[in-house]
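**Q** sequence and computational prediction follow.
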Amino acid sequence: MLNEAINMAEVKDDRVATVQLDFTFHSLTVDQLLHKLEAGETLSLTEITYLHESDEVRMDELAQYFRDAEETASEIDDGRIQSKVTNF
């Protein structure tokens, strides 16, 4: 489906695309993700969702890592991920 969608978009510009898609799977653990947060690394939406849905971390614990989000909001790209993917 992805291949066809890209080709349908490209045909408007009189061209066709060759699509190659590779998957790499990584295991997720609460400890690993909390370590990333403590190190100041950013998490993907999938990783944040994993933590949010986990029974191993309380919401108030998770929230402490995102408290300063308002202070750094000016540094965050406010574009919507879905619209960027759709436009691509």
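**A** Looks like it arrived, so ask away. Residues are numbered from 1 along each chain as shown.

**Q** what pLDDT does Glu47 get?
**A** Note on Glu47: pLDDT of 92.

**Q** so it makes contact with Ser27?
**A** No - using CB atoms under 8 Å as the test, Glu47 is too far from Ser27 to be in contact (11.7 Å). Placement of C-beta: from N, CA and C, glycine included.

**Q** which of these two has more residues huddled nearby?
**A** Between Glu47 and Ser27, counted using other CB atoms under 10 Å, the more crowded position is Glu47 (17 against 5).

**Q** and stretch 29-47, C-alpha only, in CSV?
**A** Taking C-alpha atoms only, stretch 29-47 is exported to CSV below (Å, rounded to 0.1, in the frame of the first residue of the first chain):
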residue,chain,number,x,y,z
THR,A,29,11.9,-1.7,28.7
VAL,A,30,10.8,0.8,31.3
ASP,A,31,14.3,0.9,32.8
GLN,A,32,15.9,1.6,29.4
LEU,A,33,13.4,4.4,28.6
LEU,A,34,13.7,6.0,32.1
HIS,A,35,17.5,5.9,31.7
LYS,A,36,17.1,7.8,28.4
LEU,A,37,14.9,10.4,30.1
GLU,A,38,17.3,10.8,33.0
ALA,A,39,20.2,11.3,30.5
GLY,A,40,18.2,14.1,28.9
GLU,A,41,17.5,12.2,25.7
THR,A,42,14.3,12.6,23.8
LEU,A,43,11.8,9.8,23.4
SER,A,44,9.7,8.9,20.4
LEU,A,45,5.9,9.0,20.6
THR,A,46,5.9,5.2,20.7
GLU,A,47,8.3,5.2,23.6
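
**Q** right, I'll call it a day here.
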